[in-house]
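**Student:** how does the following fold in three dimensions:
(one chain, ligands or ions: 1)
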Amino acid sequence: MRVRKRLKQTPLLQVQNISKFYGDLAACLNISLDLYPGEILAIVGESGSGKSTLLNCISGKTGINAGEVRYRSRNNGTIDVHGAKEPVRRHLARTEWGYVHQNPRDGLRGNVSAGANIGERLMGTGSRHYGEIRSQAEQWLERVEIDPCRIDHQPRTFSGGMQQRLQIARNLVSGPSLIFMDEPTGGLDVSVQAKLLDLLRNITADLGLAVVLVTHDLGVARLLAHRIMVMKRGQVVETGLTDQVLDDPHHPYTQLLVSSILV
Ligand SMILES: Nc1ncnc2c1ncn2[C@@H]1O[C@H](COP(=O)(O)OP(=O)(O)OP(=O)(O)O)[C@@H](O)[C@H]1O
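**Tutor:** I've put the predicted structure just below:
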């Protein structure tokens, strides 16, 4: 059913043959993918396989040496992410896109309140009414299961899991279509991870968000992603529907990854 639905849609994101070199090292080589609205794609692979580099190349944070990334914007047609001027990419990053970092310190402003962290993003999309901004911030705190009475507290007074949930609220308040996530549950206790994954799964499904998710944890990919892309030394070795790839891996490297978690 998903395939029939996809055929009728235009991809939200088209990545065509992108490569990124650091000197002689191909951190990403000839990578292509299409991402459809509401679809969650997990990029998996061992440390150093090029996952974060690929995510940063797709989101335009890192320049590329070859290829093209095209994003279908809501109001501005299709944007050539690397060909566009920096202000266009910055505008996308604070309106239609979100970025959830592994370390909340990279995604939050530590010296302002939780409410201001959420409100800043709303102001970036043109909101000016203080009462409305505060009320939306309260609603989003509640949605990510943070007591709204913490609205005036700084994120550094929050636990790791709460900071991660605040980062999610900050990103989602402006109604983005596409979220980039780099190991969003890395560094959290197992029980905190489980709660966060549950929240992410519900929110992404409710809002119909497209997500490119980097994780080395196949359990996280299994729980969140519709499709999975397996990377080894900068190249994609296998891609497909998550359950198919994880239950019946074809490439020896994927078989090794899957068997290592079973052990
Ligand atoms: N700024 C950089 N300069 C030089 N080499 C880099 C740079 N960033 C990444 N690399 C190299 O590119 C390769 C891919 O790194 P990358 O961080 O994308 O892998 P990863 O799969 O995300 O790893 P991890 O899971 O450990 O974060 C590695 O060999 C890394 O050393």
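**Student:** residues of the chain that sit close to the ligand?
**Tutor:** With the criterion set to C-beta under 6 Å from any ligand atom, the chain comes near the ligand through Y22, L25, A27, G45, S47, G48, S49, G50, K51, S52, T53, H216. All C-beta spots, glycine's among them, are computed from the backbone N, C-alpha and C.
**Student:** among those residues, which one lies nearest to P252?
**Tutor:** G45 (13.7 Å; C-beta to C-beta).
**Student:** enumerate every residue touching the spatially most central residue of the chain.
**Tutor:** Centrality entry for the chain: nearest residue to the mean C-alpha point is F180, 2.1 Å, by C-alpha atoms, centre = their mean. Taking C-beta atoms under 8 Å, 6 or more residues apart in numbering as the criterion, F180 is in contact with L55, I58, S59, W97, G98, Y99, V100, V211, V212.
**Student:** re earlier: now, which of the residues of the chain next to the ligand lie within helices?
**Tutor:** With helices defined by DSSP state H, the entries of those inside them are K51, S52, T53.
**Student:** I'd like those as JSON lines, with neighbour count and distance to S32 appended.
**Tutor:** Compiled in JSON lines, these are given as follows (neighbours: other C-beta atoms under 10 Å; distance: C-beta to C-beta, whole Å):
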{"residue": "K51", "neighbour count": "26", "distance to S32": "16"}
{"residue": "S52", "neighbour count": "18", "distance to S32": "18"}
{"residue": "T53", "neighbour count": "23", "distance to S32": "15"}
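**Student:** taking the contacts of F180, tell me the two that lie furthest apart.
**Tutor:** I58 and V100 (14.3 Å).
**Student:** if you count what's nearby, which of these two comes out ahead?
**Tutor:** I58 (26 against 23; other C-beta atoms under 10 Å).
**Student:** shouldn't the more buried one be in contact with Q14?
**Tutor:** No - contact criterion C-beta atoms under 8 Å: I58 and Q14 do not qualify, at 10.3 Å.
**Student:** which residues are in contact with each of the two?
**Tutor:** V69.
**Student:** partners of K232 in the sheet?
**Tutor:** Q235 (DSSP bridges).
**Student:** what's it in contact with, if anything?
**Tutor:** Per C-beta under 8 Å, 6+ apart, neighbours of K232: G45, E46, S49, Y253.
**Student:** let me know the pLDDT of the third one.
**Tutor:** Okay, so that is S49. For S49, the model assigns a pLDDT of 95.
**Student:** swap in R94?
**Tutor:** Reported pLDDT for R94: 87.
**Student:** contacting residues around it?
**Tutor:** R94 touches R121, G124, T125, S174, counting by C-beta under 8 Å, 6+ apart.
**Student:** now do N171
**Tutor:** G98, Y99, V100, G107, R121, I179.
**Student:** cool, Q193 as well?
**Tutor:** By C-beta under 8 Å, 6+ apart, the residues touching Q193 are T185, V220.
**Student:** recalculate using a threshold of 7 Å.
**Tutor:** By C-beta atoms under 7 Å, 6 or more residues apart in numbering, the contact list for Q193 reads T185.
**Student:** now it: how far from the ligand?
**Tutor:** Separation of Q193 from the ligand (C-beta to the nearest ligand atom, to the nearest Å) stands at 16 Å.
**Student:** tell me how far that residue lies from P184.
**Tutor:** Between Q193 and P184 the distance is 9 Å, computed by C-beta to C-beta, to the nearest Å.
**Student:** next one: the helix or strand containing S135 to chain centre, how far?
**Tutor:** Using DSSP states H and E, S135 sits within helix 130-143. Distance, stretch centre to chain centre, for helix 130-143: 23 Å (C-alpha atoms, centre = their mean, to the nearest Å).
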